[in-house]
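>>> one predicted model, sequence on top.
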Amino acid sequence: MRFTEPPRWVPVVHDQRGAFLIEQQRHGHPNEPAINARRASKVFATGDGVHDMDLAVPSGSIFGFIGPSGAGKTTAVRMLTGAIEPTDGQVTVLGQAPTSFDHRTRSQIGYMPQLSVLYDNLSVADNLKFFASLYGMTRRRTEAARNEMLEFVDLGDHRDKRVTELSGGMRRRLSLAATLVHEPRMIFLDEPTAGIDPVLRRRLWDHFTEMRDEGRTLFITTQYVGEAAYCDRVGVIADGRLIADETPDGLRRAAFGGDIVHLELEQPLSTDLIRDISNLVSATACQPYSMRGLRIVVEEAALSLPELTTWLASQGVSVAQAEEHMPPFDDVFVELVEEYRAATTDTSTEGERVVA
């Protein structure tokens with residue numbers, strides 16, 4: 001959508017001190033994604049990179065980006081922030097191509113790379129002051145934002161230390177504070193919780209959720225698969241290709257083909273009983289995991305559980321436990337990647353047979 005007049009920007013959310021937090025374009029479709037990629041690719045001479053990425057990240061959401069080491073997460077982030085240009089396809093962030101961001105749009109974006117961009121010989125506080133100055137923040141606003149960020153990343157007691165005196169985890173926290181000090185509305189965080197202890201990691205995610213609730217958009221890569229639970233949507237990337245883009249619950253269903261029901265019976269399972277249970281709920285998988293335990297993949301656990309327990313009671317089978325099983329996201333992630341690689345290997349093999 002194009003407009004003849006330039007967009008007007010108005011403050012829409014303020015914190016308790018009245019500090020400016022978020023600006024939104026008054027013009028444009030209200031449901032336009034903050035990030036939009038269509039068949040976006042960045043392929044290097046080696047053939048590695050990101051291939052044909054289709055992605056739409058809604059404004060005011062947390063998008064988690066998960067993948068094995070070397071899968072293409074950082075390349076995708078650099079492409080979305082304009083650090084590198086796509087070799088093919090289209091990318092827009094906040095309605096503009098990243099390699100053509102104007103000053104106003106650039107000032108609304110925060111980017112925390114994996115590698116430190118801190119100044120070693122400056123103190124913690126002076127690093128934040130410097131990064132705030134890049135965005136033209138006033139002295140009063142800089143001081144308030146700097147104090148808030150130091151408290152947020154638990155570095156208030158270390159504000160006068162030089163970066164060279166900080167531990168690796170403390171540097172990572174300072175990098176995060178430097179990314180957020182100018183209060184951007186579109187935030188890219190590449191492995192923000194790497195090397196941070198679990199207690200602080202949870203505090204950071206609580207703060208990420210608060211920023212999302214204020215209307216900001218966060219694009220977060222992470223090596224901790226369990227952090228997918230904190231996201232609104234999760235993209236899984238493997239071998240440079242986006243193989244899944246779903247809600248956390250949708251990822252579980254995609255990985256295993258539906259909901260998983262866990263049954264623990266009082267007596268050993270027979271082959272006939274397993275077959276009858278599978279037929280009763282039209283299970284796509286029905287797998288014993290012990291002499292009396294059974295896990296069943298069904299369309300919807302909330303509907304299948306009452307049906308199963310009622311039927312088993314009518315057959316004189318005592319049920320010790322019946323509940324929906326929620327596999328950890330580590331298992332979900334492994335399942336999705338293995339399924340993708342198995343499928344691509346099968347396709348490649350079939351192609352080789354055809355050629356032969």
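Happy to help now that I have it. This is a predicted model, so every value here is computed, not measured.
>>> just the pLDDT for G110.
Per-residue confidence (pLDDT) for G110: 95.
>>> would you check that it makes contact with A177?
No. Checked against C-beta atoms under 8 Å, the pair G110 and A177 is beyond contact range at 10.6 Å. Quick note: C-beta positions are derived from backbone N, CA and C, even for glycine.
>>> report the buried residues of the helix or strand hosting A254.
Here A254 is covered by helix 248-256, with elements defined by DSSP states H and E. Neighbour counts over helix 248-256 (16 or more other C-beta atoms under 10 Å) mark 248, 251-256 as buried.
>>> what do you get for stretch 156-172?
The neighbour-count check on stretch 156-172 (16+ other C-beta under 10 Å) flags 158, 163, 166, 170-172 as buried.
>>> of the buried residues of helix 248-256, closest to E32?
P248 (24.1 Å; C-beta to C-beta).
>>> relative to L115, how far out is G49?
19 Å (C-beta to C-beta, to the nearest Å).
>>> settle it for me: which of these two has more neighbours?
G49 (18 against 7; other C-beta atoms under 10 Å).
>>> okay, and the beta partners of the more buried one?
Beta-bridge pairing for G49 (DSSP bridges): V43.
>>> list the contacts of it.
41-43, 72, 75, 87, 240 (C-beta atoms under 8 Å, 6 or more residues apart in numbering).
>>> make it 10 Å
By C-beta atoms under 10 Å, 6 or more residues apart in numbering, the contact list for G49 reads 41-43, 72, 75-76, 79, 84, 86-87, 240.
>>> likewise for R171?
Applying C-beta under 10 Å, 6+ apart to R171 gives the contacts 116, 118, 120, 124, 127, 155, 163-164, 195.
>>> that one and Y119, how far apart?
Going from R171 to Y119 by C-beta to C-beta gives 11 Å.
>>> overlap in contacts, the two.
Contacts common to R171 and Y119, judged by C-beta under 10 Å, 6+ apart, are 127, 163.
>>> whatever helix or strand comes next after the helix holding A254 packs against which elements?
On the C-terminal side of helix 248-256, the nearest following helix or strand under DSSP H and E is strand 259-265. Judged by 3 or more C-beta pairs under 10 Å, 6 or more residues apart in numbering; DSSP states H and E, strand 259-265 is in contact with helix 248-256, helix 271-280, strand 285-288, strand 293-298, helix 301-314, strand 319-325.
>>> strand 259-265 pairs with which strands?
Applying DSSP bridges to the sheet, strand 259-265 is found paired with strand 293-298 (antiparallel), strand 319-325 (antiparallel).
>>> got TSV for these, with mean neighbour count and mean pLDDT too?
Output for the strands paired with strand 259-265, formatted as TSV (neighbours: other C-beta atoms under 10 Å; pLDDT from 0 to 100):
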stretch	mean neighbour count	mean pLDDT
strand 293-298	21	95
strand 319-325	13	95
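>>> looking at the ones you listed, which is nearest to E32?
Using C-beta to C-beta, the nearest of the strands paired with strand 259-265 to E32 is strand 319-325, at 36.2 Å.
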